[in-house]
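# Structure for the following, please:
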Amino acid sequence: MAKIIAVCRSDKKGMKKTPVPEGRFRKQYGMVGDAHADEKWHRQVSLLAQESVDKMRKLGVDVGPGDFAENLTTEGIELVTLPIGTRLSVGKDVVLEVSQIGKECHTHCAIFQQVGTCVMPTEGIFARVIKGGSIKAGDSIQISGE
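Predicted coordinates:
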């Protein structure tokens, strides 16, 4: 079963995110209290697989959930293979819709500067919130029929 490893937030854009016990996700907005949440923005929620984080660890970088500024760290689902428009059911209530795969990294983050590569631009995905609710570590994540 694919699951959420961590839920993370930050007060400012361009910062690492800090794991929190639970996040509230609001329809067409994002994670309440996170700097990237916005009604006029298609990248309301960011997701990165733990498997991608582990790739960076193998390169000698001491990283964990939230260090790539992702809201949701997942395990057991190949995020980067999901087409735009795919809906994901997370936990009991939340439905996300994949809106972007990867992103351009204009400034090369500290991780890139340290090792010459970073997984977020190629393996991170972004989503809009279709149905709100709460998400916490341990919640399931799966492709939805909704």
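# contacts and neighbour counts: CA atoms only from here.
Will do.
# centroid residue for this protein?
In the chain, the residue lying closest to the centroid (Cα atoms, centre = their mean) is residue 47, at 1.8 Å.
# Wasn't it part of a strand?
Yes. Residue 47 sits within a strand when classified using DSSP: H, G, I helix; E, B strand; the rest coil.
# Hmm, it is touching residue 126, no?
Yes. Here residue 47 lies in contact with residue 126, judged by Cα atoms under 8 Å, at a distance of 6.1 Å.
# Which helix runs longest in this protein?
helix 50-58 (DSSP state H).
# Run through the neighbouring helices and strands of that one.
Here helix 50-58 touches strand 72-75, going by 3 or more Cα pairs under 8 Å, 6 or more residues apart in numbering; DSSP states H and E.
# what mean pLDDT would you report for the strand it packs on?
If you average the pLDDT over strand 72-75, you get 96.
# Next, count neighbours for residue 16.
The number of residues packed near residue 16 is 18, by other Cα atoms under 10 Å.
# Would you map the helices across this structure?
50-58, 110-115, 120-123.
# Same question for the first one: list its buried residues.
So that's helix 50-58. For helix 50-58, a neighbour-count test (16 or more other Cα atoms under 10 Å) marks 50, 51, 52, 53, 56 as buried.
# And stretch 90-102, by the same measure?
Going by 16+ other Cα under 10 Å, stretch 90-102 has these buried residues: 90, 91, 94, 95, 96, 97, 98, 99, 100, 101, 102.
# Measure how far that stretch is from the centre of its chain, please.
Remark: stretch 90-102 is offset 9 Å from the chain centroid, using Cα atoms, centre = their mean, to the nearest Å.
# CA atoms only: put it into PDB for me.
Output of stretch 90-102 as PDB, limited to C-alpha atoms (Å, rounded to 0.1, in the frame of the first residue of the first chain):
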ATOM      1  CA  VAL A  90      -5.200  10.700   0.100                       C
ATOM      2  CA  GLY A  91      -6.400   9.700   3.600                       C
ATOM      3  CA  LYS A  92     -10.100   9.600   4.200                       C
ATOM      4  CA  ASP A  93     -11.200  12.700   2.300                       C
ATOM      5  CA  VAL A  94      -8.600  14.500   0.200                       C
ATOM      6  CA  VAL A  95      -8.600  14.300  -3.500                       C
ATOM      7  CA  LEU A  96      -5.700  15.900  -5.400                       C
ATOM      8  CA  GLU A  97      -5.300  16.400  -9.200                       C
ATOM      9  CA  VAL A  98      -1.900  16.200 -10.700                       C
ATOM     10  CA  SER A  99      -1.300  19.600 -12.400                       C
ATOM     11  CA  GLN A 100       2.500  19.600 -13.200                       C
ATOM     12  CA  ILE A 101       5.400  17.100 -13.300                       C
ATOM     13  CA  GLY A 102       8.700  18.600 -12.300                       C
END
